[in-house]
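>>> Turn this into a model:
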Amino acid sequence: LRMIAGLWDSGTGAIERPKLDDILFLPQDAYMIIGSLRGQLLYPNLERSVSDAELGEVLNRVNLPDLVGRCGGFDVEFDFEKILSVGERQRLAFARVLLKHPRYVLLDEATSALDRENESSLYRQLIATSTTFVSVSHHPALVKHHSQVLELTADGGWRLQSAAEFRFTQDLA
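Predicted coordinates for the structure are as follows:
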């Protein structure tokens, strides 16, 4: 996923992918810039202009309604790695997706620190957009949010099947 997202470029072979501007990558440990809450939400497109009302609305949608108050507004600078939990950082990263509306999102264990209710809410919101998403996860509960599952097997093989047909194996559950 990191190669598809354009973050890694070592190795051999070829990858066909959409334009990098059309892809957003959400890792397990969401990247946080040192800066303002506005910057966090708009990253990586910091030059965009989005109203405070829209920023506040998206924070409510990702279950971070009190974050503006905790930060003293949208423009006070913080080291967000130090003030947010992993789950809060993951929800903030999802807020970026909801604000940017990318064509593609690559999610690498991007909800691993969330309870099932928050995780399900974020995926339902993502499904309601026109964004195509690919998830890597070990959570059986996420399968219901996908149409297909690509399972990588222990012997180096793989299986592609519909999410309705997919069953986690003993090794993955």
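>>> what's Arg159 in contact with, if anything?
For Arg159, the contacting residues are 150-151, 153, by C-beta atoms under 8 Å, 6 or more residues apart in numbering. Placement of C-beta: from N, CA and C, glycine included.
>>> Compare those residues and tell me which has the most neighbours.
The most neighbours of any of the contacts of Arg159, using other C-beta atoms under 10 Å, belong to Glu151, which has 14 neighbours.
>>> got the contact list for whatever helix or strand that residue lives in?
Under the criterion DSSP states H and E, the helix or strand holding Glu151 is strand 148-152. With contact meaning C-beta under 8 Å, 6+ apart, strand 148-152 is reached by 143, 158-163, 166, 169, 172.
>>> so can I have a markdown table of the residues you listed showing secondary structure and pLDDT?
What follows is these, written out as a markdown table (DSSP: H, G, I helix; E, B strand; the rest coil; pLDDT from 0 to 100):
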| residue | secondary structure | pLDDT |
| --- | --- | --- |
| Val143 | helix | 90 |
| Trp158 | strand | 91 |
| Arg159 | strand | 88 |
| Leu160 | strand | 92 |
| Gln161 | strand | 90 |
| Ser162 | strand | 92 |
| Ala163 | coil | 88 |
| Phe166 | coil | 83 |
| Thr169 | coil | 60 |
| Leu172 | coil | 45 |
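>>> Could you identify the buried members of those?
For the contacts of strand 148-152, a neighbour count by 16 or more other C-beta atoms under 10 Å gives the buried set as 143, 166.
>>> Among the contacts of strand 148-152, which pair sits farthest apart?
For the contacts of strand 148-152, the farthest-apart pair by C-beta to C-beta is Ser162 and Leu172; their separation is 17.3 Å.
>>> picking up where we left off before, parallel or antiparallel, which strands does the strand holding Glu151 pair with?
The strands beside strand 148-152 in its sheet (DSSP bridges) come out as strand 158-162 (antiparallel).
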